[in-house]
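> Predicted model and sequence follow; I will ask about them next.
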Amino acid sequence: MSETPQPADLIVFGGTGDLSMRKLLPALYHSDRDGRLAPETRVIAMSRGGLDDADFRGKVDAEVRGSVPVDDLGVWQRFLGRLHHVTVDISGQDPTGWARLAGMLGGHEHRDRVFYLASPPMTFGPFCREAHRAGLVTPASRVVLEKPLGRDLASALRINDEVGAIFDERQIYRIDHYLGKETVQNLLVLRFANAFLEPIWNSLWIDHVQITVAETVGTPGRRGYYDHAGALRDMVQNHLLQLLCLVAMEPPSRNDRESIRDEKVKVLQSLRAVTGGEVDRFTVRGQYTAGESGGVPVPGYLDEPDNTAPTEDSRRVETFAAIRAEVKNWRWAGVPFYLRTGKRMPYRCSEIVVQFKDVPHSIFPGSTPNRLVLRLQPSEGIQLNIMAKEPGAGEVALKPVPLGLSFAETFTGRVPEAYERLLMDVLAGNPTLFMRRDEVEAAWRWIDPILDEWESRGTVPEPYPAGSAGPAAAHELVGRSGRVWHEEGLA
């Protein structure tokens, strides 16, 4: 991004929704406070809410201000002054809102224009068509698509075709906020800016890799959505596979917008297909039942408060998924990648664990293999466990000792949220951390056979108590090869 920020118009469809109020607007406020928004930049929320500018600013002041550290009221008032609201109908039956938006944007065609679709994926195509019909799509326009991009390969292809009919691929930014986290960025730096790792970053030295995204929350009020998504679509197809790609990718030829994405696509295309009877062997799905979270009793998935009663889909949807994946190439042959995600787990934790093999010949009893842990949340950092001698006379006693990098302790400044980085990248026209069309479709091609097998059998997921580390079958998945899940912070 250039030192002097350029004026832009950021139009957020779904601008009064949960994502906008919890993530996008706070991220934009922090960017404004840090001087990364040009004075002329505007944020225009679009919704069906019937609000005028004053109403919307009052809503943001009431709902967002308490969640961000507003230490300068002048900056906050400046930020509120950037905000506008347009009531719009994307069905095309009422063009009034589109006409008003066109009037606001008229005369500013030279500015970067970003459409951020913080809305369900079935609205992506209709929104793009109506924006084009209203004459709002310029050569300087970009569109940001939130996940999930469809619910299978067929729907992803349809959405990509609909959006691609209006916007060129270079204008489309498919967002995965995990790629904006500092630890994810540091994974690339750790791998490709340090000479000591590359010689051992392969199957000769690495035993296996674990990627875990665990959440303590359940789905109160969201069962209607989650019944048709589930953990595999909601988390594995995007977040976990993206992290796998960054661990497994080959060194790109340069740090530019396409080289990194090229290498990620190659990883997805190299994943060994899990089909037919192998689905039982290499995948696990579970659904949480009543238990405890933080010492407080919580209901099971089917009993979570919601506006609708549980359905057959509710009984069959997974809130936990674990998969044993393999990357079939020269570097990773024989190295399993274990992916795991679940709701109502004991702790909130997102991490990548690279488990190295034991030394070829140990002369010390009690030694254990080295382990590299990259923690994405709740406290971002990197930890390398090495063997060291405990102080004392007599026989040599070994103990695993962590060499750690805590971002909070090492870097005194505030660590930006993922959405801050990604929004600034969109405004700067940098797509490196966003998914390309072929990348999204390659991920669905690997996920679809697993979904098809689960759904064709009509069986229910294995139950696990809320507050536990998942169903027993997940431990058997790694245990069959003599391995165990990394449970520090989870059990």
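That came in fine, so what should we check first? Numbering: from 1, shown residues only.

> What confidence value was assigned to Phe411?
Looking at Phe411, its pLDDT stands at 67.

> is it fair to say Arg340 lies in a strand?
Yes. Secondary structure of Arg340 (DSSP: H, G, I helix; E, B strand; the rest coil): part of a strand.

> contacting residues around it?
Gln210, Ile211, Thr212, Val213, Ala214, Phe320, Ala321, Ala322, Ile323, Gly470, Ala474, Trp485 (C-beta atoms under 8 Å, 6 or more residues apart in numbering). (Glycine included, C-beta is placed from N, CA and C.)

> Kindly reformat these as TSV containing pLDDT.
Listed next are the contacts of Arg340 as TSV, based on pLDDT from 0 to 100:
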residue	pLDDT
Gln210	97
Ile211	96
Thr212	95
Val213	94
Ala214	94
Phe320	97
Ala321	97
Ala322	97
Ile323	97
Gly470	93
Ala474	96
Trp485	93
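
> Go through those residues and give me the one with the most neighbours.
When neighbours are taken as other C-beta atoms under 10 Å, the top entry among those is Phe320 (31 neighbours).

> can you pull the contacts of Ser155?
Listed by C-beta under 8 Å, 6+ apart, the contact partners of Ser155 are Pro121.

> Include secondary structure and distance to Ile166 when you put the contacts of Arg340 into a markdown table, please.
Output for the contacts of Arg340, formatted as a markdown table (DSSP: H, G, I helix; E, B strand; the rest coil; distance: C-beta to C-beta, whole Å):
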| residue | secondary structure | distance to Ile166 |
| --- | --- | --- |
| Gln210 | strand | 41 |
| Ile211 | strand | 35 |
| Thr212 | strand | 38 |
| Val213 | strand | 33 |
| Ala214 | strand | 38 |
| Phe320 | strand | 38 |
| Ala321 | strand | 34 |
| Ala322 | strand | 39 |
| Ile323 | strand | 35 |
| Gly470 | coil | 42 |
| Ala474 | helix | 43 |
| Trp485 | coil | 45 |
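
> pLDDT score for the closest residue to Leu423 other than its chain neighbours?
Distances taken as C-beta to C-beta, 6 or more residues apart in numbering put Ala27 closest to Leu423, at 5.6 Å, once the chain neighbours are dropped. If you check Ala27, the pLDDT there is 92.

> Show me what the helix or strand containing Ala27 is in contact with.
Per DSSP states H and E: Ala27 is located in helix 25-33. Applying C-beta under 8 Å, 6+ apart, the contact partners of helix 25-33 are 10, 37, 43, 60, 64, 67-68, 72, 75-76, 78-79, 82, 414, 416-417, 419-420, 423-424.

> Which of the contacts of Arg340 sits closest to Leu384?
Leu384 lies nearest to Gln210 out of the contacts of Arg340, by C-beta to C-beta, at 15.4 Å.

> Poorly predicted segments of the stretch 151-300 of the chain, please.
The model of the stretch 151-300 of the chain has no residue with pLDDT under 70.

> ranges for the strands of it?
172-174, 206-214, 283-289, 291-293, 296-298 (DSSP state E, counting those that start in this stretch).

> got the buried residues for the last one?
When neighbours are counted by 16 or more other C-beta atoms under 10 Å, the buried residues of strand 296-298 are found to be Val298.

> which residues touch the residue sitting nearest the centre point of the chain?
Centrality entry for the chain: nearest residue to the mean C-alpha point is Tyr178, 3.6 Å, by C-alpha atoms, centre = their mean. For Tyr178, the contact set (C-beta under 8 Å, 6+ apart) comprises Val184, Asn238, His239, Gln242, Leu243, Ser350, Leu376, Ala418.

> Let me have these in TSV, extended by neighbour count and distance to Leu405.
Formatted as TSV, the contacts of Tyr178 follow (neighbours: other C-beta atoms under 10 Å; distance: C-beta to C-beta, whole Å):
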residue	neighbour count	distance to Leu405
Val184	23	14
Asn238	24	27
His239	21	22
Gln242	21	22
Leu243	28	18
Ser350	23	17
Leu376	23	13
Ala418	23	19
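
> what is Gln377 paired to in the beta sheet?
Ser350 (DSSP bridges).

> thinking again about what came up before, ok, now how distant is the residue nearest to the centre of the chain from Pro120?
As judged by C-beta to C-beta, to the nearest Å, Tyr178 and Pro120 stand 20 Å apart.

> likewise Leu187?
In terms of C-beta to C-beta, Leu187 sits 31 Å off from Pro120.

> Which one of these two is surrounded by more residues?
Higher neighbour count among Leu187 and Pro120: Leu187, with 19 against 11, using other C-beta under 10 Å.

> okay, now the nearest residue to that one once chain neighbours are set aside: neighbour count?
Closest residue to Leu187 apart from its sequence neighbours, by C-beta to C-beta, 6+ apart: Leu246 at 5.3 Å. Leu246 has 20 neighbours, counted by other C-beta under 10 Å.

> Likewise for Arg480?
10.

> How about Leu101?
Residue crowding around Leu101 was assessed by other C-beta under 10 Å; the count is 21.

> That one: helix or strand, and which one exactly?
Leu101 belongs to helix 96-105 when assigned by DSSP H and E.

> Could you export that helix as PDB, CA atoms only?
Once non-C-alpha atoms are left out, helix 96-105 reads as follows in PDB (Å, rounded to 0.1, in the frame of the first residue of the first chain):
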ATOM      1  CA  THR A  96     -35.200   3.600  -5.700                       C
ATOM      2  CA  GLY A  97     -32.300   2.600  -3.500                       C
ATOM      3  CA  TRP A  98     -30.000   1.800  -6.500                       C
ATOM      4  CA  ALA A  99     -30.800   5.300  -7.900                       C
ATOM      5  CA  ARG A 100     -29.900   7.000  -4.700                       C
ATOM      6  CA  LEU A 101     -26.700   5.000  -4.500                       C
ATOM      7  CA  ALA A 102     -25.900   5.900  -8.100                       C
ATOM      8  CA  GLY A 103     -26.400   9.600  -7.200                       C
ATOM      9  CA  MET A 104     -24.000   9.300  -4.200                       C
ATOM     10  CA  LEU A 105     -21.300   7.600  -6.300                       C
END
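
> For the following helix or strand past that helix, name the packing helices and strands.
Later in the chain than helix 96-105, the nearest helix or strand by DSSP H and E is strand 112-117. Applying 3 or more C-beta pairs under 8 Å, 6 or more residues apart in numbering; DSSP states H and E, one finds that strand 112-117 contacts strand 8-13, helix 124-133, strand 141-145, helix 418-428.

> Those: which one's closest to Glu304?
Nearest to Glu304, of the helices and strands packed on strand 112-117 and by C-beta to C-beta, is helix 418-428 at 26.8 Å.
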